[in-house]
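Colleague: how does the following fold in three dimensions:
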Amino acid sequence: MAGAKLDALLVSHSANVRYLSGFTGSNGLVLMLVDRAILFTDPRYKIQASSEVDCRVQVVRGPLLPHVLAVIKRLRARRLGFENNRVSFEAYQFLKEHLPLKTALDPVAGWVEEQRMIKSDDEIDHIRRSVDLNSAAFERAVTRLRPDMRESELAAELDYRMRRLGAEGPAFETIVASGPRTAWPHARPSSDKLRGNALVLVDMGANLDGYASDMTRMLFVGRPGARVKRTYGAVLEAQLAAIDAVRAGVTAESVDRAARRVLRSHKLDRAFVHSTGHGLGLEIHEPPRLGKKDKVTLQAGMAITVEPGVYLEGFAGIRIEDTVVVTSNGCRVLTPTSKDLRVI
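Modeller: Modelled structure (predicted):
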């Protein structure tokens, strides 16, 4: 804050509140001052906050912002930073209308997220355990897969297995799609039955102790034909090339470029319609993004996904995704699940 000449920083995004204070409740604000921090929450979380948080906790009744502003006024803060990409318009208007005239409101989008990009050893261990649990849930659910099962049934089985193994729940809505619907990158599970002689795409992640994992694997119900095998091989080649490109010091766009170069050699690059990956941690999608124009330099300790895919309307979509940790000389793949096309 000193570098930006701020007297205080108001943090409102729940993942950032948790990162800075340890508080996991649904209603909390952190006011960062030069020499201390204060967590504001309501009476529902009094006991919880006292056991989770090591900074000062101020339990208040009613909306939190008026109590934050009371502290700002008492301290005579001249410059208050706020997360302009996270705060609601209503909260912004309230701040503008009720701050003292001599207090400037400064937008500071992405400050905490930038700190969160580099994971501590403890955070990496949390992510690794989430990845392991996610893979174990996948293995257990797949053994119960039946050709007449509905997409929604398989999704429910995957979520159930995550919770049985100790997850707080899925890190995002589990994706299960069969046949031509695999060409929808973010298809929601439907009531359709898994098709015979068709691909099944499963994209799933667990939330364990607050940390997310993310994995995509492909199944085939029946006997895959030559085109399926050829396309799957191309995507796998692209994914391995992208993983090989990951290391501290390279740009995010260079990893994306490595995947696209392979798909271009197979004349599939135009069917790759999203970025190659993203960061993850307390949220399923965090910086950095690994896209065509993303110039962020990768650093050791970043946890990212590598997930190229191709989506061919009327035929199928194929995506392969792992969670990896950037190291000084490469990366460590956390996902233990085989990347072979699994035939059911």
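
Colleague: when you work out contacts or count neighbours from here on, use the C-alpha atoms and nothing else.
Modeller: Noted.

Colleague: biggest helix in this structure by residues?
Modeller: Using DSSP state H to assign secondary structure, the helix with the most residues in the chain is helix 121-142.

Colleague: quick one: contacts of the helix or strand that that one is followed by?
Modeller: Counting by DSSP states H and E, the next helix or strand C-terminal to helix 121-142 is helix 151-164. Helix 151-164 is contacted from outside by 133-134, 137-138, 140-141, 145, 169-170, 174-178, 189-194, 206, using C-alpha atoms under 8 Å, 6 or more residues apart in numbering.

Colleague: buried subset of those?
Modeller: Buried members of the contacts of helix 151-164, scored by 16 or more other C-alpha atoms under 10 Å, are 133-134, 137-138, 141, 145, 169-170, 174-178, 189-190, 193-194, 206.

Colleague: wait, residue 217 touches residue 201, no?
Modeller: Yes. Between residue 217 and residue 201 a contact is recorded at 6.2 Å, counting by C-alpha atoms under 8 Å.

Colleague: more neighbours, the two?
Modeller: Between residue 217 and residue 201, counted using other C-alpha atoms under 10 Å, residue 201 has the larger neighbour count: 28 against 21.

Colleague: distance check, that one against residue 96.
Modeller: Distance, residue 201 to residue 96, using C-alpha to C-alpha, to the nearest Å: 48 Å.

Colleague: ok, the closest residue to residue 20 other than its chain neighbours - contacts?
Modeller: Leaving aside its sequence neighbours, residue 20 sits nearest to residue 30 (C-alpha to C-alpha, 6 or more residues apart in numbering; 8.0 Å). The contact partners of residue 30, by C-alpha under 8 Å, 6+ apart, come to 10, 11, 12, 17, 20, 21, 37, 38, 39, 40.

Colleague: so which of those are in helices?
Modeller: Among the contacts of residue 30, the members found in helices (DSSP H) are 17, 20, 21.

Colleague: let me have those residues in CSV, extended by distance to residue 48, pLDDT and neighbour count.
Modeller: Written out in CSV, the entries for the ones in helices among the contacts of residue 30 read as follows (distance: C-alpha to C-alpha, whole Å; pLDDT from 0 to 100; neighbours: other C-alpha atoms under 10 Å):
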residue, distance to residue 48, pLDDT, neighbour count
17, 14, 98, 23
20, 16, 97, 19
21, 12, 97, 22
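
Colleague: quick one: which of these is nearest residue 116?
Modeller: Ranked by distance to residue 116 (C-alpha to C-alpha), these are led by residue 20 at 9.7 Å.

Colleague: and residue 193, bridged to which residues?
Modeller: According to DSSP bridges, the partner residues bridging residue 193 are residue 150.

Colleague: buried ones in the longest helix of the chain?
Modeller: 123-124, 126-138, 141.

Colleague: just confirm residue 50 is within a helix.
Modeller: Yes. Assessed with DSSP: H, G, I helix; E, B strand; the rest coil, residue 50 lies in a helix.

Colleague: confidence score at the spatially closest residue to it that is not a sequence neighbour?
Modeller: Among residues not flanking residue 50 along the chain, residue 57 sits closest, at 7.3 Å (C-alpha to C-alpha, 6+ apart). The score at residue 57 is 97. That number is its pLDDT.

Colleague: what's the neighbour count on residue 57?
Modeller: Residues within reach of residue 57, counting by other C-alpha under 10 Å, total 18.

Colleague: mind listing the strands the one helix or strand it maps to pairs with, and their directions?
Modeller: According to DSSP H and E, residue 57 maps onto strand 56-59. Sheet pairing for strand 56-59, assigned by DSSP bridges, gives strand 37-41 (parallel).

Colleague: what about the strands in the stretch 151-300 of the chain?
Modeller: Ranges of strands in the stretch 151-300 of the chain, per DSSP state E, counting those that start in this stretch, are 169-170, 175-178, 198-204, 206-208, 211-212, 215-221, 277-279, 286-290.

Colleague: for those strands, which one sits closest to residue 101?
Modeller: Among the strands of the stretch 151-300 of the chain, strand 286-290 comes nearest to residue 101, with 35.1 Å by C-alpha to C-alpha.
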